[in-house]
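Student: Need a 3D model of the following:
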Amino acid sequence: MDPASGNAFLQEGSRWRLEWGDKVVWSTLSLSSDDTCVVHVEKNYAYKLKDAPPLPGTRLSGSSVIGGTRIRFSVEMVRMRHETESPALLLTVPVDVRESDRRGSPRISVLLDASLDFTNGSQTFDTLVRDLSATGARVVIGAGPEAFDEEPKASDSVRLGFESESIGSMSMRGEVARSLDRARGTEIGIRFLEDSVVKRQVSTFIEQISTDRKKRGIMP
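Tutor: So this is what the prediction gives:
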């Protein structure tokens, strides 16, 4: 189904990323009707619902990658059901559906400690890589805007570096695509500059992670 139709993510089995406040969970759609849908939260994210689940009426930001395109939408919490396998959330059918982040390379969710150097301001931060593809990354710096000499802006030059047991040290030149202040810190989207060697290295790294996750029965 064409992702631009806005319906592909409503198919049974589609994987949803849901976010409210500073919490993020991954879930799988099990069924939907004209006005509600049910998603099952993945087991390794279920703990986030024990202490502070979204209350009825809470607005959640959602997204799902369909055919290499990220479909973004908004849903409202109706209620939570505690089931044997995993918690199930009853949500309103998504509204405000929009298509974004069309990409020619796969992106995976990761948790990688890294360093981010702002080459135009000589500042270096410890950061956490949350998403990675051969063309860019999404990182979080656990500090607010007051930590920067100058607030990050689009096209600022950066260098992202991290260690990988499989392919050793990696260092990628890039530029800031966007910067957002979140409850957990400053979130920065990075666009890597064209470099065929780096793209091959990152693609290999992503393939290795995906293969390992499939072997362990974890969705990429």
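
Student: Please compute how far stretch 161-176 lies from its chain's middle.
Tutor: Shown here is stretch 161-176, whose average C-alpha point lies 19 Å from the average C-alpha point of the whole chain (C-alpha atoms, centre = their mean, to the nearest Å).

Student: Can you show me the strands along this protein?
Tutor: Using DSSP state E, the strands assigned to the chain run over residues 15-20, 23-32, 36-41, 59-66, 69-81, 88-92, 95-100, 107-118, 123-133, 136-141, 157-164, 168-182, 185-192.

Student: By mean pLDDT, show me the worst of those strands.
Tutor: Ranked by mean pLDDT, those end with strand 95-100 at the bottom, a mean of 72.

Student: Of all the strands of the chain, which one is nearest Ser203?
Tutor: With C-beta to C-beta as the criterion, Ser203 lies closest to strand 123-133 of the strands of the chain, at 8.6 Å. Any C-beta I mention is one placed from the backbone N, CA and C, and that applies to glycine too.

Student: ok, back up a step: including distance to Phe205 and mean neighbour count, could the strands of the chain go into TSV?
Tutor: What follows is these, written out as TSV (distance: least, C-beta to C-beta, whole Å; neighbours: other C-beta atoms under 10 Å):
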stretch	distance to Phe205	mean neighbour count
strand 15-20	21	19
strand 23-32	21	17
strand 36-41	28	20
strand 59-66	19	19
strand 69-81	21	17
strand 88-92	32	19
strand 95-100	24	12
strand 107-118	9	16
strand 123-133	8	18
strand 136-141	11	22
strand 157-164	6	18
strand 168-182	7	15
strand 185-192	13	20
